[in-house]
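# quick one, structure for this:
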Amino acid sequence: MYYPRKNTIIHKFFSWYIQFIINKDFAAFNYDNIELKKDSSVLVLANHFSWWDGFLIFYINKKVFKKQFHVLVNAENYSKVSFLKYLGAFAAEHSGKDVLDTLNYAGKLLDNPDNLILVFPQGKLYSNHLKSVTFEKGVMQMINSSQKKINVVFAATFIDFFSKRKASAYTYLQNWENEEYISLQLLKSAYNKHYDNSVVKQTQITE
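Reported below is the predicted structural model:
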């Protein structure tokens, strides 16, 4: 598998650069400030519709969660976008056993309360206008390979222009108080309930 790499200088530069381009390219970035259990890691499950998604959650982590950021990406993006590895990106290099090893690695990361992992459960990019978000099975393998002492956070992001030349981004966050038993269907259902509620909030915005 492809592992994250550490380089303090590169990480600091891109941490600054991500904040710079968000402030530069968006009219506003609005997000919730939620309370989490500080002695537990964070697993962020988010919809995936744009190039910006990971950077927006990286920014939120920097401002709100303040954890060591990690993100599960595919092998193509890990190799193509060379700096991602220095921001905590990891990926399966091959299919089969390597995918399982990667998910188990993610589970071990979640055992450290200082860590945050961002996962896009859809597995690939979809439109921002979907009515529901699909979940790949790998999410549960990741959770089950951990000690399950995790803050599960749902993130639903939407972008609208309204009357401005630049778009505004909105990320709705929910700290899901999960049951002792978690199934893929339960997780998917709970996330999509949050997603539906977020769509309602987004459609109520006026200028």
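
# what is the neighbour count of Ile143?
21 (other CB atoms under 10 Å). C-betas here are computed from N, CA, C, even on glycine.

# repeat for the one 10 residues further on
Neighbour count of Val153, defined by other CB under 10 Å: 24.

# for the helix or strand containing it, list the C-alpha coordinates in PDB.
Assigned by DSSP states H and E, Val153 belongs to strand 150-160. Extracted C-alpha coordinates of strand 150-160, given in PDB (Å, rounded to 0.1, in the frame of the first residue of the first chain):
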ATOM      1  CA  ILE A 150     -14.300   6.800  17.400                       C
ATOM      2  CA  ASN A 151     -16.100  10.000  16.900                       C
ATOM      3  CA  VAL A 152     -18.100   9.300  13.700                       C
ATOM      4  CA  VAL A 153     -18.800  12.700  12.000                       C
ATOM      5  CA  PHE A 154     -21.100  13.100   9.000                       C
ATOM      6  CA  ALA A 155     -20.200  15.900   6.600                       C
ATOM      7  CA  ALA A 156     -22.400  17.000   3.800                       C
ATOM      8  CA  THR A 157     -21.000  19.800   1.500                       C
ATOM      9  CA  PHE A 158     -22.900  21.900  -1.000                       C
ATOM     10  CA  ILE A 159     -21.800  24.800  -3.200                       C
ATOM     11  CA  ASP A 160     -24.100  27.700  -4.500                       C
END
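
# so what strands line up beside that strand?
strand 41-46 (parallel), strand 168-176 (antiparallel) (DSSP bridges).

# and the longest one, which residues are buried?
Same thing as strand 168-176. By neighbour count on 16 or more other CB atoms under 10 Å, the buried set for strand 168-176 is Ser168, Ala169, Tyr170, Thr171, Tyr172, Leu173, Gln174, Trp176.

# next SSE downstream of it?
helix 184-203.

# let's verify the spatially most central residue of the chain: helix, strand, or coil?
Of all residues in the chain, the one closest to the mean position by CA atoms, centre = their mean is Leu118, 3.2 Å from it. With DSSP: H, G, I helix; E, B strand; the rest coil as the basis, Leu118 sits in strand.
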